[in-house]
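> Let me see the structure of the following:
(one chain, ligands or ions: 2)
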Amino acid sequence: MSWFPRDQWYVAAYGSEIAHDLFTRTVCGEPILFWRTRDGSVTAMPDRCVHRRFPLSQPPSRLVDDQVVCGYHGFTYDSGGKCVAVPGQARIPRTARLLPYPVVEQDSFVWVFIGDPANADASRIPRAPWLVDPGYTTVCGMEPLGARYGLLVDNLLDLSHETYLHGGYIGTPEVASTPINTSVDEDAGVISVSRRMDDAECPPFYSKSTGLQGRIARWQDIEYMPPCLYTLHSRIAPVGSVPRADGTDPDAFHVEVVYAITPETETSTHDFWAVARDFALGDEEVSAFLAESNRTVVLQDVEALNVLEKVIAAEPEGFQELSINIDTGGLAARRVLGRLCEKS
Ligand code: FES
Ligand SMILES: [Fe+2]
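Residues are numbered from 1 along each chain as shown. Ligands and ions are numbered 1, 2, ... in the order given. This is a model prediction of the structure:
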């Protein structure tokens, strides 16, 4: 059994991170080399020369037009991973080839398929359309996490921790005290956790960005699409306001909080986060505030989960956790991830 689900799409980067330049990131234990070719598409191949394993992202390896030249002895590969030159001989060995990863750019992310490329079906990539929708303004980032990805899944599926870990930013007493509803759609592969607070304190994250004063209706509707994509549909409105029968919701402020949870190694994770809002569009002050606040919140989680990873590493075999109602979403996610890992 693999420690992560194989035959799955994972976010490797934001599209904006990849230019006509060598870029490397490790996904599910596999170091991957990326660059944007002259025609604008993204390549993805193993970041390891077939000759003596030198990383192709490592200087003096270099990109020459759309070919990468290994910095150790000069093996040269084209954008499809085919070796086109070796030193000291005209004959290029048949096996001198880097097997490209299926790669798709969508919703501002670069997705790679980890597993058997024959099983790569791009229609299975979960969507986060707000991140590229002109009706939203998005801020985003990525923080390295020194903990296994399952700890981040637990963390994001139980938002009651906001009250304690993120007090003064997004946490208020009502988050922890309001019960949740959890459901699992096995066919669609979606875990949903919903918490509806009808009369709650407005945390600074939302009062400063929306300008709403006083108490609010605050809805948190999570959809987790294992293994990689997590969305939190956050609705903030004056107390008593509900969406209209026709589905419009003019009195509310909507924030789509998106996380891509990408295992780097067995005990480290790429924590991609994005916050898309449908108000104060293009307002740079609001963008700067939300970016700074959300990054602070993410770093509070990172600090806590880094500690947890160390606790787990040091504890005796067989330690039993205690779970309660707030853990229902996290436990459902563990079951689904466990099943996906078993198949891998
Ligand atoms: S290791 Fe790349 S050419 Fe020798
Ligand atoms: Fe958190």
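> so S108 touches V11, yeah?
No - assessed by CB atoms under 8 Å, S108 is found out of contact with V11, at 9.6 Å. Heads up, the C-betas are built off the backbone N, CA and C, glycines and all.
> more neighbours, these two?
For S108 versus V11, neighbours defined as other CB atoms under 10 Å are more numerous around V11 (27 against 20).
> did I read that right, the more buried one in a strand?
Yes - residue state for V11 (DSSP: H, G, I helix; E, B strand; the rest coil) corresponds to a strand.
> Name the helix or strand for the closest residue to it other than its chain neighbours, please.
In space, and not counting its chain neighbours, V11 is closest to A260: 3.6 Å by CB to CB, 6 or more residues apart in numbering. Counting by DSSP states H and E, the element that carries A260 is strand 253-265.
> and that strand, average pLDDT?
The average pLDDT within strand 253-265 is 98.
> Quick check: the residue lying closest to V139 once chain neighbours are set aside vs T178, distance?
Nearest in space to V139, with sequence neighbours left out and distances taken as CB to CB, 6+ apart, is A291 at 3.9 Å. Using CB to CB, to the nearest Å, we find A291 at a distance of 27 Å from T178.
> Next, the nearest residue to H73 once chain neighbours are set aside: phi, psi?
Among residues not flanking H73 along the chain, P87 sits closest, at 5.5 Å (CB to CB, 6+ apart). Reported as degrees, to the nearest 10, the phi and psi values for P87 are phi -80, psi 140.
> Can you give me the neighbour number for P87?
By the measure other CB under 10 Å, the count of residues near P87 is 10.
> how close does it get to G329?
Computed as CB to CB, the P87 to G329 distance reads 55 Å.
> cool, and H20?
With the distance defined as CB to CB, H20 ends up 42 Å from G329.
> more crowded one of the two?
When H20 and G329 are compared for neighbours, G329 comes out ahead with 26 against 12, by other CB under 10 Å.
> Remind me what the helix or strand that contains that one packs against, helices and strands.
Secondary structure here is read from DSSP H and E; on that basis G329 sits in helix 328-342. Taking 3 or more CB pairs under 8 Å, 6 or more residues apart in numbering; DSSP states H and E as contact, the helices and strands that helix 328-342 lies on are helix 149-157, strand 181-185, strand 190-200, strand 216-225.
> what comes into contact with the last one?
Going back to what we said before, that points to strand 216-225. Contacts of strand 216-225 with the rest of the structure, by CB atoms under 8 Å, 6 or more residues apart in numbering, involve 126, 153, 156-157, 159, 174-175, 189-202, 206, 230-242, 252, 329, 333.
> Could you give the separation of the biggest helix by length in the chain from the chain centroid?
What stands out as the longest helix in the chain, according to DSSP state H, is helix 284-314. A distance of 14 Å separates the centroid of the chain from that of helix 284-314, by CA atoms, centre = their mean, to the nearest Å.
> same question, stretch 268-279
The offset between the C-alpha centroid of stretch 268-279 and the centroid of the whole chain comes to 7 Å, using CA atoms, centre = their mean.
> Next, the buried residues of it.
For stretch 268-279, the buried set under the neighbour-count rule, 16 or more other CB atoms under 10 Å, comprises S268, T269, H270, D271, F272, W273, A274, V275, A276, R277, D278, F279.
> try stretch 318-331
Judged by neighbour count (16+ other CB under 10 Å), stretch 318-331 contains these buried residues: I326, D327, T328, G329, G330.
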